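Enquirer: Next input, structure requested:
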Amino acid sequence: YDVPEGRCRVVYNSLDLLADLSEDVKTISREIDILSPDILTVYAGRLTPGKKFDKVAAFAGAIKRKTEKTVKVVFCDFPCMDVDANTYKTSVRLTGKHFGLDGEDMVFTTDLGYPNGFPRKGVLDLFTLSNLYVSPSYSESFSLTLLEAASRGNFLVLNQAVPALEEIGKQLNAYFMRWDARNYGYDTKEKYYPSEQAYYEEHGEIVVNLMRENPVIRAKTLVRQRYSPQWVWKNQLEPLLS
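Expert: Numbering: from 1, shown residues only. Below is the predicted model of the structure:
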């Protein structure tokens, strides 16, 4: 075309991952950025303290503070009579902020038009985009959600003190941390030295490095971040117009 090489630019083909996902996920994407963050965590479960939503927020916050990665958390919660929902959600948000998240880094789907819970297909679609699954749950008999997250290629961080999570996690090569747990006939109580914040930051840095070194996780994350139509427009096309 007789165009000087200095005027040529590279423009990627783009992959619109959202196009083939459910309308519910598209709704969520209008409320929180689920394409560009370095770490995207999706946690689904009954909104009860036993599921330790606050520990998910705390660990995500510690990762952000320690590694300076962009981190987003989507809580796919559904109602539970164990606790006042608004009170507990406020507590989770405050915990996340204390450990390093900003307010806009966390959303609950019950606040986004899904008061009775987020559709199951939507949860699976979100796992398609996410890259980190954290389960600090106080007790589990068998975690189907864990299998769903694993099947969508998420890095797994599980509560080793829960026998069911340890059993499945060993088979799935999960990364283990320790939180309070209910075992057979007794409960465990974890103590962190020098602090819970330091414990999360230490393990958060290790997890981020393992995710970076895992070729499947790295590829999945880069495809979501750098080959979306939004990224190609903002970084490769729009500059040509200025």
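
Enquirer: Which positions within stretch 121-133 qualify as buried?
Expert: 122-133 (16 or more other CB atoms under 10 Å). Glycine gets a C-beta too; all of them are placed from N, C-alpha and C.

Enquirer: For it, which outside residues touch it?
Expert: Here stretch 121-133 makes contact (CB atoms under 8 Å, 6 or more residues apart in numbering) with 17, 21-22, 24-25, 28, 34-35, 39-44, 74, 76, 145-146, 148-157, 207, 211, 217, 220-221, 224.

Enquirer: quick one: average confidence on that stretch?
Expert: When pLDDT is averaged over stretch 121-133, the result is 98.

Enquirer: so how far is it from its chain's centroid?
Expert: 8 Å (CA atoms, centre = their mean, to the nearest Å).

Enquirer: What of stretch 84-94?
Expert: A distance of 18 Å separates the C-alpha centroid of stretch 84-94 from that of its chain, computed with CA atoms, centre = their mean.

Enquirer: Tell me who's in contact with the residue nearest to the spatial centre of the chain.
Expert: Nearest residue to the geometric centre of the chain (CA atoms, centre = their mean): residue 41, 0.2 Å. By CB under 8 Å, 6+ apart, residue 41 lies in contact with 56, 60, 71-74, 130, 132-134.

Enquirer: do residue 183 as well
Expert: Residue 183 makes contact with 161-163, according to CB under 8 Å, 6+ apart.

Enquirer: what would those residues look like in CSV with distance to residue 11?
Expert: Below are these laid out as CSV (distance: CB to CB, whole Å):
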residue, distance to residue 11
161, 50
162, 48
163, 52
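
Enquirer: hmm, which of those are the buried ones?
Expert: For the contacts of residue 183, buried by 16+ other CB under 10 Å: 161-162.

Enquirer: which among the contacts of residue 183 gets closest to residue 176?
Expert: residue 161 (9.0 Å; CB to CB).

Enquirer: Would you mind confirming that the closest one makes contact with residue 188?
Expert: Yes. With contact defined as CB atoms under 8 Å, residue 161 counts as touching residue 188 (4.9 Å).

Enquirer: elements contacting the biggest helix by length in the chain?
Expert: For the chain, the longest helix by residue count, based on DSSP state H, is helix 196-213. Identification of packing neighbours for helix 196-213 by 3 or more CB pairs under 8 Å, 6 or more residues apart in numbering; DSSP states H and E yields helix 53-67, strand 155-159, strand 175-177, helix 215-226.
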